[in-house]
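Colleague: coords below, sequence missing:
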Ligand SMILES: Nc1ncnc2c1ncn2[C@@H]1O[C@H](COP(=O)(O)OP(=O)(O)OP(=O)(O)O)[C@@H](O)[C@H]1O
Ligand SMILES: [Mg+2]
């Protein structure tokens, strides 16, 4: 099977605290997954579970503590900037912080075309930019000479997608791309991802809290909890028939307008987060409705059931049978 991207036992450790009290937090802990060409793969989970850290390692924005990343079977070397060398592009949460308010939006496009030597003449440059903007429902004429403040958040997010497309990437990493976009426009953005997958064969690593859009757009999904993937499989298997108690809890929690609020509305979350990261055994044990003694001391193994990976002691016997 072709793998566009493969992460193998990826680990990121951060040291936190000050000189007096130091702690090492394993923000991404032995994470393995792959993304196929023309596939939308989602990483979902609550705030602080390690989604962005995983994305940053893939992009080469953060050094990898341990483990390997392969692009088209080729090992990513340390400090390599995958966004430069491997056709990986990124789209972030806040389109307004992507663009400098004092700079004309089209200048970013011209700059990328120049840096990557994508066109020779002025006309070819404009044609190239226009072609990418048309993929997101805009034209060169719509953006030429305008500043970021002249666009809505949704338009600006489309523009950042077009900008990511300039270099004909194979993989686009979209980190919470719709969480700051009006709810009414979210579907139009995620629809774009499907279109890019189907028409251009682009793969998307979609990072989100929002299981509704994840269900709608993803081919496969991995649910992360405190640095670990606890369940992974096709989106139908994982979201329609979740096996891990955490996946069930996530799916059954009522979606709210602002997903950020849902997970960070208590002051105690930071403490809880730290405690959970440091926990021996299963990190979800303290919140799990089905917790058993073994969960408190032994890290559950990765168990494969019907092509789904589940990291939970509830299925140990099933796996042995
Ligand atoms: N530079 C850093 N130094 C120390 N700790 C960090 C650093 N960056 C992230 N962390 C910690 O790593 C953990 C994972 O953070 P990360 O940003 O990857 O989570 P996330 O899943 O993207 O969360 P969110 O949904 O809020 O964006 C958190 O506990 C965070 O505090
Ligand atoms: Mg994040």
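Modeller: Good, I have the coordinates. Source: prediction; values computed, not measured. Ligands and ions are numbered 1, 2, ... in the order given.

Colleague: for the stretch 201-321 of the chain, what lies in contact range of ligand 1?
Modeller: By the rule C-beta under 6 Å from any ligand atom, the part of the stretch 201-321 of the chain lying against ligand 1 is residue 273. In this view, the C-beta of every residue, glycine as well, is placed from N, C-alpha and C.

Colleague: can the helix or strand hosting residue 16 be said to contact ligand 1?
Modeller: Taking DSSP states H and E as the criterion, residue 16 maps to strand 5-17. Yes. Using C-beta under 6 Å from any ligand atom, we find that strand 5-17 touches ligand 1 at 14, 16.

Colleague: which strands and helices sit next to that strand?
Modeller: Using 3 or more C-beta pairs under 8 Å, 6 or more residues apart in numbering; DSSP states H and E, the elements in contact with strand 5-17 are strand 22-35, helix 51-59, strand 66-71.

Colleague: pick the most deeply packed of these.
Modeller: helix 51-59 (a mean of 22; mean count of other C-beta atoms under 10 Å).

Colleague: got the contact list for it?
Modeller: Helix 51-59 has contacts (C-beta atoms under 8 Å, 6 or more residues apart in numbering) with 5, 7, 10, 12, 27-28, 31, 43-45, 62-64, 69, 81-83, 88, 90, 173, 175, 205, 207, 224.

Colleague: ok so, going back, in its sheet, what does the strand holding residue 16 sit against?
Modeller: According to DSSP bridges, strand 5-17 forms sheet pairs with strand 22-35 (antiparallel), strand 66-71 (antiparallel).

Colleague: for whichever residue of the stretch 201-321 of the chain sits closest to ligand 1, which three-state class applies?
Modeller: For the stretch 201-321 of the chain, the residue closest to ligand 1 is residue 273, as judged by C-beta to the nearest ligand atom, at 5.6 Å. Under DSSP: H, G, I helix; E, B strand; the rest coil, the three-state class of residue 273 is helix.

Colleague: where does this structure dip in pLDDT?
Modeller: Within the chain, the segments meeting pLDDT under 70 span 82-85, 254-271, 319-321.

Colleague: hmm, back to that, and residue 191, which of the strands paired with strand 5-17 is closest to it?
Modeller: With C-beta to C-beta as the measure, strand 22-35 is the member of the strands paired with strand 5-17 nearest residue 191 (19.8 Å).

Colleague: how far does that closest one sit from the chain's center?
Modeller: Strand 22-35 sits 14 Å away from the centroid of its parent chain (C-alpha atoms, centre = their mean, to the nearest Å).

Colleague: how about that strand and ligand 1, any contact?
Modeller: Yes. Strand 22-35 is in contact with ligand 1 by C-beta under 6 Å from any ligand atom, via 25, 27.

Colleague: please look at residue 234 and residue 307 and confirm they touch.
Modeller: Yes. With contact defined as C-beta atoms under 8 Å, residue 234 reaches residue 307; the gap is 7.3 Å.

Colleague: how about the helices in the chain?
Modeller: With DSSP state H, the ranges of helices along the chain come out as 51-59, 82-85, 95-98, 105-115, 122-135, 140-143, 153-165, 183-195, 211-217, 235, 245-252, 259-264, 269-278, 316-320.

Colleague: would you list those in a markdown table and tack on distance to residue 300?
Modeller: A markdown table is the format used below for the helices of the chain (distance: least, C-beta to C-beta, whole Å):
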| stretch | distance to residue 300 |
| --- | --- |
| helix 51-59 | 20 |
| helix 82-85 | 31 |
| helix 95-98 | 38 |
| helix 105-115 | 45 |
| helix 122-135 | 43 |
| helix 140-143 | 50 |
| helix 153-165 | 37 |
| helix 183-195 | 32 |
| helix 211-217 | 22 |
| helix 235 | 22 |
| helix 245-252 | 11 |
| helix 259-264 | 23 |
| helix 269-278 | 14 |
| helix 316-320 | 7 |
